[in-house]
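Asks: Model the following, please.
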Amino acid sequence: MKNKKIVVIAAICLVFAGSWWLYSQSSRHTERAFSIRVSDSSVPNNYELAEKLTGRDVLKEEKVQLTPITIQGGGGGTVTMQALLANNIDVAGGSISIWVNAVSKGAKVKLLLPGSVTEVPEHSGLLVLEESNIHTIKDLVGKRIAVNVLGAEADFIVRTFLKQNGLTVNQVELVVVPAENQEQVLRSRQVDAIAWTTSGGTQFDRTVDHGGVRRIPGTSSFETRGNLSLLTTSEGFLEKFIKEHPDAVRRYLRAVDKARRIVWEEYQKNPDRVRQVYAEITKAKGGNPELAKYYRGVRWSPKNQLITDNDIQFWIEKFTEDGILKPGQVKPSDIYTNEFNPQYKK
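Replies: Numbers count the residues shown, from 1 in each chain. Just a heads-up that it's a prediction; the model follows:
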């Protein structure tokens, strides 16, 4: 009788264990994706490109769901940072200069994943009309220069190359013009130069391809950074969000890493096909599919897998020289960590 009871109890335990295993497996497959709020954009993102190119939904693979949030005031880096600090979005990308500036003012944010790198001068720099009397940086005195937003990459790059040539920002006039409108205001002579192009990208290549413009030597992000391949942008979160949702952060960053790696590899194999997909997604989102002609793949390099002190130190030094920071007030580790980067090996 005693042995019979043992057998019955054992059977009950096996049934319970089996039921628990089946439930846990079912739960694992039906686990709800963690929703992360991002800034909405009409530009195709790497997740969309990767899925259309390969059929892989990297967000679903990592159980992450993106909730697009429309940000009032456009998508400039400073506007996005304000939205992040106001807790209107959970993650933001943008110029490293914006993040250093924010931390210097007490913001509790942290960069976690590298973004784009500096473009070589052939694909970046300040643009002026061909017949302009501006030929060097010193000729910019008294001129109107279009920047997409104040307090971001283009603004700070202009200040930097002016200072490197013995000038100050007070000797020029910075005019805020959305990136997509800068070519138009240049050709209509409402401004003398456009600065969104200092970091390169589709707007630079399109404007050059349309003809009638020149690049001013020494005005690209690449040149102002000492002709070094350094990061210009990165992605990050509020420190509070990182602390409260570390697993979600890791999954999101794995999805980002997968997506851009897929796009990078597909572009190396067949750039025309990637451009065609880029145009299709852009048109579906209400954007300008013409820009796909100038798309040159992910503005990212396999060599820049991690954020480094050098990427951050450039801006710390510039802000210290300009009196925005006190000597020793901020160090690179205050701005970033590679701890959550899927490419980081401890």
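Asks: Could you use CA atoms for every contact and neighbour count after this?
Replies: Noted.
Asks: how near is the nearest residue to Arg273 once chain neighbours are set aside to Val330?
Replies: Leaving aside its chain neighbours, Arg273 sits nearest to Tyr267 (7.8 Å; criterion: C-alpha to C-alpha, 6 or more residues apart in numbering). Distance, Tyr267 to Val330, by C-alpha to C-alpha, to the nearest Å: 38 Å.
Asks: Which parts of the stretch 51-200 of the chain are helices?
Replies: Along the stretch 51-200 of the chain, the segments classed as helices by DSSP state H, counting those that start in this stretch run 58-61, 77-85, 96-104, 153-164, 182-187.
Asks: want to try CSV for the ones you listed, with mean neighbour count, distance to Thr233 and mean pLDDT as columns?
Replies: Output for the helices of the stretch 51-200 of the chain, formatted as CSV (neighbours: other C-alpha atoms under 10 Å; distance: least, C-alpha to C-alpha, whole Å; pLDDT from 0 to 100):
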stretch, mean neighbour count, distance to Thr233, mean pLDDT
helix 58-61, 17, 22, 96
helix 77-85, 21, 10, 91
helix 96-104, 22, 5, 93
helix 153-164, 22, 9, 93
helix 182-187, 20, 21, 97
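Asks: how about JSON lines for the ones you listed, with distance to Ile335 added?
Replies: Output for these, formatted as JSON lines (distance: least, C-alpha to C-alpha, whole Å):
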{"stretch": "helix 58-61", "distance to Ile335": "26"}
{"stretch": "helix 77-85", "distance to Ile335": "14"}
{"stretch": "helix 96-104", "distance to Ile335": "6"}
{"stretch": "helix 153-164", "distance to Ile335": "16"}
{"stretch": "helix 182-187", "distance to Ile335": "31"}
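Asks: For Asn338, find the nearest of those helices.
Replies: Asn338 lies closest, by C-alpha to C-alpha, to one member of the helices of the stretch 51-200 of the chain: helix 96-104, at 14.7 Å.
Asks: beta partners for the one residue sitting closest to the centre of the chain?
Replies: Centre of the chain computed as the mean C-alpha position; nearest residue by C-alpha atoms, centre = their mean is Gly93, 4.0 Å away. Beta bridges link Gly93 to Glu235, judged by DSSP bridges.
Asks: you'd agree it is up against Gly236?
Replies: Yes: at 6.4 Å, Gly93 counts as touching Gly236 under the criterion of C-alpha atoms under 8 Å.
Asks: hey, what's Arg215 bridged with?
Replies: Applying DSSP bridges, one finds that Arg215 bridges with Leu127.
Asks: does Val38 sit in a helix, a strand or a coil?
Replies: Counting by DSSP: H, G, I helix; E, B strand; the rest coil, the backbone at Val38 sits in strand.
Asks: Please determine how far the closest residue to it other than its chain neighbours is located from Val213.
Replies: In space, Val38 comes closest to Pro68 once its chain neighbours are excluded; the distance is 5.0 Å by C-alpha to C-alpha, 6+ apart. Separation of Pro68 from Val213 (C-alpha to C-alpha): 36 Å.
Asks: So between those two, which is more surrounded?
Replies: Val213 (19 against 13; other C-alpha atoms under 10 Å).
Asks: Got phi/psi on the more buried one?
Replies: Main-chain torsions, Val213, degrees, to the nearest 10: phi -130, psi 160.
Asks: Show the contacting residues for it.
Replies: By C-alpha atoms under 8 Å, 6 or more residues apart in numbering, the contact list for Val213 reads 127-130, 207.
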